[in-house]
Every structure is written in structure tokens, then in C-alpha cells.
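Asks: The following block contains a protein sequence and its predicted model.
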Amino acid sequence: MKINKLTSIGLLLLLLYLMQFILGLKWEWLYNMQQEELYKRWSGLGLALFIVIQWLLTFSRIVKKLKKYSFKVTNLHKWFGALSPLLFYFHSMSFGYGYLMLLTYIFLVNNFIGYFNLDVIKSTNEVLFKGWMITHVAFSMVITILMVFHISMVFYYK
């Protein structure tokens with residue numbers, strides 16, 4: 001198994017996110033901004049758009065007219081995935097509670113799974129590929145559902 005540049009970047013950002021959380025490190029200016037309602041909404045919109053953009057890969061593979069863009073979309077998907085802990089950090093430095101904690105865990109675990117795609121594993125085993133793909137897509141679906149629920153709760157209670 002050979003770790004590529006995107007996997008290295010993603011793993012480093014994921015590790016940094018986890019370390020700052022475990023060690024309780026934070027940038028005060030960013031933490032203070034994250035307490036402001038307007039910032040939370042805009043950074044949340046950015047994170048939600050990121051998640052929606054990540055679904056473009058699926059559509060580029062299943063919509064016949066978009067298949068010609070699949071290779072380019074795959075590269076964007078991997079780059080965005082590698083940078084996603086940074087995007088998540090700018091939205092929230094903590095894991096939250098209840099369903100937000102679940103959303104955070106699944107988001108970060110799905111990132112980790114994504115970093116070890118078949119470009120990294122270098123396996124032609126069909127069972128491994130299908131297992132990896134089903135897990136990654138299933139987690140992505142759960143993330144999307146929890147994201148929509150989170151957005152609904154934010155606007156319902158504010």
C-alpha cells in the first residue's frame with residue numbers, strides 16, 4: 001500500500017483536528033466567531049454545499065450525459081475529501097452532543113475510509129472494492145440525512 005499525496009494531506013488534517021479536540025487547543029478568534037449565530041449559519045452553509053458537491057461524483061457516474069466528466073469529478077471529490085477536516089474545523093472545533101456527535105463521528109470516520117480508496121489500497125479484489133464502496137456511500141447517505149436534520153433543527157428552533 002502506497003500513501004498518495006491526497007491521502008497524506010487528508011490524514012494530516014484529520015489528525016490535527018482530532019489532536020486539537022483531544023488536547024483542548026483552539027484559536028480564540030475562531031472559537032469566538034463560532035459562537036455567533038451568523039457565522040454558524042454561513043459556515044454551515046459552506047459545509048452543506050461541500051457535502052452536496054461531494055455527491056456530484058455519484059451523479060457523474062450514473063447520469064449518462066455526465067459520465068464524460070467522471071474522471072475530473074473524481075479528482076475534485078478526492079481533493080475536497082482531503083480538505084474536509086479543515087472545512088469541518090472552521091464550522092466547529094468540537095464534536096457536539098447527541099445527534100451532532102454522531103454526525104461528527106460518522107463524518108470523520110467516512111473521511112478516514114475515503115482516504116484509503118482503491119488508489120491507495122491497490123487491490124483488484126471485487127469484494128474489497130464493493131465493501132469499501134458500500135460503506136463509504138452508506139456513511140455519506142447517513143451524513144446527508146443528519147445534515148438535513150441538523151439544518152432543519154437549527155432553523156426550527158432559531
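Replies: Alright, I've got the coordinates.

Asks: from here on, contacts and neighbour counts on C-alpha atoms
Replies: OK.

Asks: Quick one: the helices in this protein, in order.
Replies: 5-23, 28-34, 37-54, 56-62, 70-91, 99-115, 118-121, 126-157 (DSSP state H).

Asks: which outside residues touch the first one?
Replies: Contact with helix 5-23 is made by 25-26, 78-79, 81-86, 89, 93-94, 108, 111-112, 115-116, 120, as judged by C-alpha atoms under 8 Å, 6 or more residues apart in numbering.

Asks: now that helix, how far from the centre of its chain.
Replies: Offset of helix 5-23 from its chain centre (C-alpha atoms, centre = their mean, to the nearest Å): 13 Å.

Asks: what residue ranges in the protein are flagged as low confidence?
Replies: For the chain, the stretches with pLDDT under 70 are 1.

Asks: rerun at 90
Replies: 1-5, 57, 59, 61-64, 66-67, 69-71, 116-130, 155-158 (pLDDT under 90).

Asks: could you dump the helices of the chain to a markdown table with mean neighbour count?
Replies: Formatted as a markdown table, the helices of the chain follow (neighbours: other C-alpha atoms under 10 Å):
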| stretch | mean neighbour count |
| --- | --- |
| helix 5-23 | 16 |
| helix 28-34 | 13 |
| helix 37-54 | 15 |
| helix 56-62 | 17 |
| helix 70-91 | 19 |
| helix 99-115 | 18 |
| helix 118-121 | 14 |
| helix 126-157 | 14 |
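
Asks: Alpha carbons only: can I get stretch 136-151 in PDB?
Replies: What follows is stretch 136-151, C-alpha atoms only, in PDB (Å, rounded to 0.1, in the frame of the first residue of the first chain):
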ATOM      1  CA  HIS A 136     -18.400   4.900   2.100                       C
ATOM      2  CA  VAL A 137     -21.700   5.600   0.300                       C
ATOM      3  CA  ALA A 138     -23.900   4.400   3.100                       C
ATOM      4  CA  PHE A 139     -22.000   6.700   5.600                       C
ATOM      5  CA  SER A 140     -22.300   9.500   3.100                       C
ATOM      6  CA  MET A 141     -26.100   9.000   3.000                       C
ATOM      7  CA  VAL A 142     -26.300   9.000   6.800                       C
ATOM      8  CA  ILE A 143     -24.200  12.200   6.900                       C
ATOM      9  CA  THR A 144     -26.500  13.800   4.400                       C
ATOM     10  CA  ILE A 145     -29.700  12.800   6.300                       C
ATOM     11  CA  LEU A 146     -28.200  14.000   9.600                       C
ATOM     12  CA  MET A 147     -27.100  17.200   7.900                       C
ATOM     13  CA  VAL A 148     -30.600  17.900   6.600                       C
ATOM     14  CA  PHE A 149     -32.000  17.100  10.100                       C
ATOM     15  CA  HIS A 150     -29.400  19.400  11.700                       C
ATOM     16  CA  ILE A 151     -30.300  22.300   9.300                       C
END
